[in-house]
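Engineer: Mind looking at a prediction? Sequence and model below.
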Amino acid sequence: MYKTFVLKKFELISDYPFNFSVLKKRYSFLNSKKLFNKKISILINTNNNIKNNTYFKKKEFFIKNSDNKIIVNFNGKILKIKNSIFEYKIKISIDQNFSKLELINVLDSLIMIKFIQSKFLPLHSSGFSLNKKGYLLSSYGGTGKTRLILEANKFSSKCKIFDEWCLLKKNIVFPLRKEILLMDYDILSYRNFFNIVDFYRAKLSKFITFKKIKDFFRFSRLILPYKYEYFENVGPFKLNNIFFINQKKKSKIVVLKVSKKVISNQILKNFKHERKNLIRLSLVNNSITKFKNKINLIKLYKSLLISSLNICKHKNILIDKKNKNFNEIFNKILIND
């Protein structure tokens, strides 16, 4: 048997030498943190004879099987979860030809579920801390969250930053990983942060738009469409302000005070959008009669969110979709804390 600890007290035990390094990198900042009170084990057994009564070709979603197990189908290959995902020992049976990336994504969903069970709130967001004040910026992809933390980093290299996802416990923000995902346009906008070779590889990536040519250049490492960059100042901080970013056409930069109900619904909707498979997994789990351990995950998530909103300021910031002046947006956030 092969054993891997993704996090402290979170182990994967399998009969096949899967490479879980990608999964461990997603939580690189948390590897040494004590997050769980009880040990969590996921047992993975490979089996080439897995059969499913309900067959879905070239579609990926969770369903309830006739034998009361959770099924994940991906291109006709099957993964079965044999007991409740809310238990501390979860048994999985998997077709050996099941997509390894999809296995990683299922395990990623289970880790997120265990965070919520342990009263850590996962948030799709970026954030920074300046002058002993912590700011969290929540929104959908493509709204400029990464560019705003790069503005914070440019303002002061002593600030704390994170991007993509964090865990919130009471009013403390914990990044998930040490690196920050930067797209080619991020690198081009902040060239002083990066070496000259990466800058020109990113520039070439932005210039090439034809997919097949871009794929060839990417595999040849001649272009840089994205990069995970290590920042020394990625770290936890105390939260004081939560902003939800809304993009609208022809909008000036406007900061609005909103109720807990409004911003909690915005953040919850964002979480559901980003973690559709996780939500589906929990719903199917709770629909299986023989599973005794069931939790209303959305209700628990919202309860944790409201508790955090009770101890910090919460606002919306409206920006024009075409506004690329992130320095102006960043300064607007600072003066409206």
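Structural biologist: Okay, I see it.
Engineer: The nearest residue to K227 once chain neighbours are set aside: what's it in contact with?
Structural biologist: Among residues not flanking K227 along the chain, L182 sits closest, at 5.3 Å (CB to CB, 6 or more residues apart in numbering). Yep, even glycine has a C-beta here, placed from its N, CA and C like the rest. For L182, the contacting residues are T146, Y226, K227, Y228, E229, by CB atoms under 8 Å, 6 or more residues apart in numbering.
Engineer: got it, and R177?
Structural biologist: R177 neighbours (CB under 8 Å, 6+ apart): K25, R26, Y27, S28, F29, E164, V234.
Engineer: Helix, strand, or coil at the fifth one?
Structural biologist: For F29, the secondary-structure state derived from DSSP: H, G, I helix; E, B strand; the rest coil is coil.
Engineer: neighbours around it, how many?
Structural biologist: Other residues near F29 come to 19 when the count uses other CB atoms under 10 Å.
Engineer: wouldn't it be in contact with V234 here?
Structural biologist: Yes: here F29 reaches V234: they are 6.5 Å apart, a contact under CB atoms under 8 Å.
Engineer: rewinding a little: S303 versus the residue nearest to K227, what's the distance?
Structural biologist: Separation of L182 from S303 (CB to CB, to the nearest Å): 34 Å.
Engineer: swap in C166?
Structural biologist: In this view, C166 and S303 are 18 Å apart by CB to CB.
Engineer: So which of the two has more stuff around it?
Structural biologist: C166 (26 against 13).
Engineer: ok, the more buried one touching K160?
Structural biologist: No: with contact defined as CB under 8 Å, C166 does not reach K160; the gap is 11.1 Å.
Engineer: Okay, domains of the chain per the record?
Structural biologist: Per the record, the chain has its domains at 2-118, 121-178+231-337, by automatic domain parsing.
Engineer: hmm, back to that, among the contacts of R177, which ones are buried?
Structural biologist: R26, Y27, S28, F29, E164, V234 (16 or more other CB atoms under 10 Å).
Engineer: which residues does T46 form a beta bridge with?
Structural biologist: Legend: beta-bridge partners of T46 under DSSP bridges are I94.
Engineer: Just give me the neighbour total for K69.
Structural biologist: Using other CB under 10 Å, K69 has 19 neighbouring residues.
Engineer: Please spell out which residues along stretch 95-103 are buried.
Structural biologist: Residues D95, F98, S99, E102, L103 are the ones in stretch 95-103 that count as buried (16+ other CB under 10 Å).
Engineer: pLDDT (mean, whole number) over it?
Structural biologist: For stretch 95-103, the mean per-residue pLDDT is 89.
Engineer: Now do it: everything it contacts.
Structural biologist: Here stretch 95-103 has contacts from 16, 18-19, 22, 44, 46-48, 50, 60, 72, 74-75, 77-79, 94, using CB under 8 Å, 6+ apart.
Engineer: Show only the entries of those found in helices.
Structural biologist: In helices, judged by DSSP state H, the following of these are found: V22.
Engineer: In PyMOL, how would I select the buried members of the contacts of stretch 95-103?
Structural biologist: Buried residues within the contacts of stretch 95-103, by 16+ other CB under 10 Å, are selected in PyMOL with:
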select buried, resi 18+44+46+50+72+74+77+78+79+94
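Engineer: Could you list which of the contacts of stretch 95-103 belong to strands?
Structural biologist: Using DSSP state E, the members of the contacts of stretch 95-103 that fall within strands are I44, T46, V72, F74, K77, I78, L79, I94.
Engineer: quick one on the thing from earlier: adding distance to L297 and pLDDT as columns, could you present the buried ones among the contacts of R177 in TSV?
Structural biologist: Formatted as TSV, those follow (distance: CB to CB, whole Å; pLDDT from 0 to 100):
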residue	distance to L297	pLDDT
R26	20	93
Y27	19	95
S28	25	93
F29	24	94
E164	21	93
V234	28	95
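Engineer: Looking at those, spot the one nearest S84.
Structural biologist: Y27 (22.8 Å; CB to CB).
Engineer: where does that closest one fall, phi/psi-wise?
Structural biologist: Main-chain dihedrals, Y27, degrees, to the nearest 10: phi -120, psi 30.
Engineer: One more: I329?
Structural biologist: Per degrees, to the nearest 10, the backbone of I329 is at phi -60, psi -40.
Engineer: That one touches L148, doesn't it?
Structural biologist: Yes: assessed by CB under 8 Å, I329 is found in contact with L148 at 6.5 Å.
Engineer: Among the two, which residue is more densely surrounded?
Structural biologist: More crowded of I329 and L148, by other CB under 10 Å: L148, with 25 against 20.
Engineer: Checking the more buried one next. Helix, strand or coil?
Structural biologist: helix.
Engineer: Please name the residues that touch it.
Structural biologist: S126, F128, L137, F326, I329, F330, I333.
Engineer: Reformat those as a markdown table; add secondary structure.
Structural biologist: Putting those into a markdown table (three-state DSSP) gives the following:
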| residue | secondary structure |
| --- | --- |
| S126 | strand |
| F128 | strand |
| L137 | strand |
| F326 | helix |
| I329 | helix |
| F330 | helix |
| I333 | helix |
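Engineer: Are any of those buried, and if so which?
Structural biologist: S126, F128, L137, F326, I329, F330, I333.
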